[in-house]
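Asks: Could you work out the structure for the sequence below:
(one chain, ligands or ions: 1)
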Amino acid sequence: MSEYDGYLEEHHYMLRDMVREFAESEIAPVAGRFDEEERFPWENGAKMAELGLFGISMPEEYGGAGMDLLSAVVAVEELARIDASHSIMVGAHTSLCCTPISRHGTDAQKKKYLTPLASGIVLGGFGLTEPGAGSDAGGTTTTAVHEGDHWVLNGRKTFITHGGVGEVIVLAARTSPAGGTHGITAFILTKETCDLEEAKRVGFGHSDDLEPMPGFEVGQKLHKLGWNASDTRELILEDVEVPDENVLGKVDEGFPIFLDTLDGGRVGIAAHALGIAQGAFELAVRYTNEREQFGSRINQFQGVRFMLAEMATRIHAARLMTYESARLRQEGRRHKKEASMAKLFASETAMDVTIKAVQLHGGYGYTREYAVERMMRDAKITEIGEGTTEIQKIVIARELLRGLED
Ligand SMILES: Cc1cc2nc3c(=O)[nH]c(=O)nc-3n(C[C@H](O)[C@H](O)[C@H](O)COP(=O)(O)OP(=O)(O)OC[C@H]3O[C@@H](n4cnc5c(N)ncnc54)[C@H](O)[C@@H]3O)c2cc1C
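Replies: Model (predicted):
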């Protein structure tokens, strides 16, 4: 019995145990080093592909495992419990690239792009953010001009997870001068991974069947506070010719696709945040049970116990909110507000819990000897990516006031 039986079934627990075992045996020993070296974990990516983690909730007919969204959430949570650079590899790929193709693509697009993505042959990404268009994604300035049977794209994207290592990118470009969120179209673009040698060496991350589009280039790699083993890059588009058949959904109607993708992505970020918080909490519980000061284990002090109680309570609430928002989405019910609430609460929980975990480790928590400092740095991005905390509040308030405003 578990307090999450109302959400999780036998197959979720089996998946959780499998991913937990993998994360503890294969990721935990290398996570600190890869973070320090800012090195993308190619070998573990190949192993995760073998385990089928890149298409958990994608349809079987397109290379996925055909499981539900809660399964994907549980897997991301378990990976993040050990290392968020690994969990985002699955999260960004699945919720930001596979999902829009799966939910809005044609059968031909799914066969050609979703199959190699969901079966873990290549990695995918999502190109929405630009140097001048972050929270205000309607400010997209990348242009797409129609010529004959194709579109010509020009512009620049930034902060793109898997911008370098990925080979399929779902990307936003402006197709009509109509301002704001109107006149934006979603495209499927292809490029070669920036690390072909490594991809070939580990047998993961590259497909000869996908033709790279000339002019679609990888820009500089970004050096970050956390998520250091995750690949975050700029993408540059110079006269990239994208065939008509690579328009995802309808021309000029891409923005709702991005909003729908972000609703799902927010459930995903909540799962990362939850996993990070859970991992840091467990380390804090273990440490406070071992460390002795003033002649007793520090978990005997009420001040320490209060902190552990607060951490556990927030994690429990974050988990219920995350699972509930995943359930609403997988049942096809309205979930915009709940996804934003889960993301908002879980990300603040991750930050709060990891800061407390570092505090409970004292000076040792401030050193790289202990994973809690990495977790604290990794937690911060969950308050920023896929809509900052402030943007979540805007979304939640808009949903609350729906119908009341003029
Ligand atoms: C590691 C990493 C990975 C990422 N991966 C991807 C990816 O794969 N694909 C992708 O497209 N993007 C990605 N992003 C981009 C991310 O989604 C944006 O950074 C985020 O949406 C914020 O945009 P911005 O950085 O331009 O900040 P800004 O929008 O400039 O915000 C700056 C500050 O102003 C606040 N603010 C802005 N507007 C308002 C408002 N109306 N009311 C109140 N406050 C406001 C924000 O909350 C924030 O505090 C990634 C970012 C990072 C750091």
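Asks: Look up how far G138 lies from the nearest residue to S176 once chain neighbours are set aside.
Replies: Using C-beta to C-beta, 6 or more residues apart in numbering and skipping the chain neighbours, the partner closest in space to S176 is G183 (3.4 Å). C-beta: built from backbone N, CA, C; applies to glycine. As judged by C-beta to C-beta, to the nearest Å, G183 and G138 stand 10 Å apart.
Asks: G166 contacts T193, doesn't it?
Replies: Yes: contact criterion C-beta atoms under 8 Å: G166 and T193 qualify, at 6.9 Å.
Asks: what is in contact with the two at once?
Replies: V122, L123 (C-beta atoms under 8 Å, 6 or more residues apart in numbering).
Asks: So which bits of the chain are right by the ligand?
Replies: Within the chain, the positions lying close to the ligand (C-beta under 6 Å from any ligand atom) are 92, 96, 125-129, 134-135, 159-161, 224, 227, 232, 381, 384-388, 390-391, 394.
Asks: who's in contact with the residue of the chain found nearest the ligand?
Replies: Closest approach between the chain and the ligand, counting by C-beta to the nearest ligand atom: G134, at 1.7 Å. Counting by C-beta under 8 Å, 6+ apart, G134 touches F159.
Asks: Tell me which of G183 and G138 has more neighbours.
Replies: The neighbour comparison of G183 against G138 (other C-beta atoms under 10 Å) goes to G183, with 20 against 16.
Asks: ok, now which ones touch that one?
Replies: R174, T175, S176, P177, D252.
Asks: burial of the second one, as a residue count?
Replies: Using other C-beta under 10 Å as the criterion, T175 is surrounded by 22 other residues.
Asks: same thing with the third one?
Replies: Here the number of neighbours of S176 (other C-beta under 10 Å) works out to 13.
Asks: so what's it scoring on pLDDT?
Replies: Note on S176: pLDDT of 93.
Asks: now do the one 4 residues further on
Replies: Among the per-residue scores, G180 holds a pLDDT of 78.
Asks: next one: E238
Replies: pLDDT, E238: 98.
Asks: Please shift the residue numbers so they start at 413 in all later answers.
Replies: Done: numbering now begins at 413, and the last item shifts to E650.
Asks: Nearest spatial neighbour of it, chain-adjacent residues omitted?
Replies: Nearest residue to E650, sequence neighbours excluded (C-beta to C-beta, 6+ apart): G627, at 4.5 Å.
Asks: repeat for H516
Replies: G661 (4.6 Å).
Asks: sorry, back to before: from L816, how far out is the residue nearest to E650?
Replies: Separation of G627 from L816 (C-beta to C-beta) stands at 47 Å.
Asks: So for those two, which residue has more residues nearby?
Replies: Taking neighbours as other C-beta under 10 Å, G627 and L816 compare with G627 leading, 16 against 6.
Asks: list the contacts for the more buried one?
Replies: L565, L649, E650, D651, V652, E653 are the contacts of G627 under C-beta under 8 Å, 6+ apart.
Asks: Turn those into TSV, columns for secondary structure and neighbour count.
Replies: Putting the contacts of G627 into TSV (DSSP: H, G, I helix; E, B strand; the rest coil; neighbours: other C-beta atoms under 10 Å) gives the following:
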residue	secondary structure	neighbour count
L565	strand	25
L649	strand	24
E650	strand	13
D651	strand	11
V652	strand	26
E653	strand	16
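Asks: Redo the contacts of G595 as TSV? Include secondary structure and distance to R789.
Replies: Compiled in TSV, these are given as follows (DSSP: H, G, I helix; E, B strand; the rest coil; distance: C-beta to C-beta, whole Å):
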residue	secondary structure	distance to R789
R586	strand	35
T587	coil	38
S588	coil	41
P589	coil	41
D664	coil	40
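Asks: Can you pick out the most distant pair from the residues you listed?
Replies: Across the contacts of G595, the longest distance by C-beta to C-beta is 10.6 Å; it joins P589 and D664.
Asks: which of those two has more neighbours?
Replies: Higher neighbour count among P589 and D664: D664, with 15 against 8, using other C-beta under 10 Å.
Asks: Quick check: that one vs T597, distance?
Replies: To T597, D664 is 6 Å away according to C-beta to C-beta.
Asks: and for those two, which residues touch both?
Replies: Going by C-beta under 8 Å, 6+ apart, residues that sit against D664 and also against T597 are T587.
Asks: Can you show me the helices along the stretch 613-762 of the chain?
Replies: Along the stretch 613-762 of the chain, the segments classed as helices by DSSP state H, counting those that start in this stretch run 667-702, 714-742, 748-772.
Asks: Columns mean pLDDT and mean neighbour count on top of those helices, output as a markdown table?
Replies: Output for these, formatted as a markdown table (pLDDT from 0 to 100; neighbours: other C-beta atoms under 10 Å):
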| stretch | mean pLDDT | mean neighbour count |
| --- | --- | --- |
| helix 667-702 | 97 | 24 |
| helix 714-742 | 98 | 19 |
| helix 748-772 | 98 | 25 |
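Asks: of those, which approaches E436 most closely?
Replies: helix 667-702 (10.4 Å).
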